[in-house]
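Enquirer: Fold the following, please.
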Amino acid sequence: MPRQARIDAPGALQHIIIRGIQRKAIFRNDTDREDFIDRLGNLIEETETACYAWVFMTNHVHLLLRTGTTSISTVMRRLLTGYAVSFNHRHRRYGHLFQNRYKSILCEEDAYLKQLVGYIHLNPVRAGIVETVQALQTYPFSGHCALMDKKEIQWQDTMYVLALFGKTVTDARKSYADYVSKCAGAGRRPELTGGGLIRSAGGWRAIRQANKAGIRLTGDERILGSSGFVEKTLANAGEDYDRRMRLKASGIDLDVVMGVVAS
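Expert: Below is the predicted model:
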């Protein structure tokens, strides 16, 4: 079955999951992690991509980004290609470092942004890399430390996230810390990283109840959100695709546009 095209647009909220090939480590030491951080930070600032949450594990990475002036696919291609070349040179290895395709999930912001920030930053606790939520504040390879004011990360948009939790920075930081502590008891939350229709609808129970009530639900593996959000997103993506195809069929492409503008 052919892979579906990624869905992206300026302002889109994207949960990105990057995994090492065959679940192998993509970070062998802190030098690797610092290299990835530097590359990520430079690209985020250069492309005006907002970053709300991030975490580095041994063999995978989670990012919560908002598309800026450059498509997410371009940002990720530059990030992963540059890092893989550097990693291979540093460790004298050859071949692919990452799985062929990173996962990108377009997310409904109002319903899921807070949940995703908590879920992403709790990865080290769930994996046992960090023993407690309190200790997570000083873990340097997660955006949680910046939100708790333990480390300055200029390219991470902490103010946008904290504004969701309170009117003042102090109150927001306390409310955020309480929220993350509560999220720690929710477990792995697979609905936030996969499931297509199941994820979009809110679980099997919601699907069964909707079916009994005669309600049709729409889901898509690339989208995290309500059925209505999924339908709207797919409709917009289809309209953009159709428009590009019509322009291409009529002989209008980027070279033509550049020529007209130049003249």
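Enquirer: can you give me the helices in the stretch 51-200 of the chain?
Expert: Assigned by DSSP state H, counting those that start in this stretch, the stretch 51-200 of the chain shows helices spanning 72-91, 109-121, 123-126, 133-136, 144-147, 158-162, 169-183, 197-201.
Enquirer: Most tightly packed of those?
Expert: The highest mean neighbour count among these, using mean count of other C-beta atoms under 10 Å, belongs to helix 144-147: a mean of 24. Where C-beta positions appear, they are placed from N, C-alpha and C, glycine not excepted.
Enquirer: helices and strands around that one, which ones?
Expert: Packing partners of helix 144-147 (3 or more C-beta pairs under 8 Å, 6 or more residues apart in numbering; DSSP states H and E): helix 109-121, helix 158-162, helix 169-183.
Enquirer: what sits up against stretch 91-104?
Expert: Under the criterion C-beta atoms under 8 Å, 6 or more residues apart in numbering, residues 3, 6, 8, 14-21, 26, 28, 72, 76, 80, 83-84, 87-88, 193, 222 lie in contact with stretch 91-104.
Enquirer: Determine how far the last residue of it lies from the first.
Expert: By C-alpha to C-alpha, to the nearest Å, the extent of stretch 91-104 from end to end equals 28 Å.
Enquirer: in it, what's buried?
Expert: Going by neighbour count (16 or more other C-beta atoms under 10 Å), the buried part of stretch 91-104 is L97, F98, Q99, Y102, K103, S104.
Enquirer: Quick check: T31 vs Y139, distance?
Expert: As for T31, its distance to Y139 is 17 Å (criterion: C-beta to C-beta, to the nearest Å).
Enquirer: Those two: which is more packed in?
Expert: Between T31 and Y139, counted using other C-beta atoms under 10 Å, the more crowded position is Y139 (19 against 12).
Enquirer: The more buried one against L122, yeah?
Expert: No. If you go by C-beta atoms under 8 Å, Y139 and L122 don't touch, sitting 10.7 Å apart.
Enquirer: Show me where this protein dips below the pLDDT cut-off.
Expert: Residues of the chain meeting the criterion pLDDT under 70: 1-6, 8, 187-188, 190-221, 225-227, 230, 237-257.
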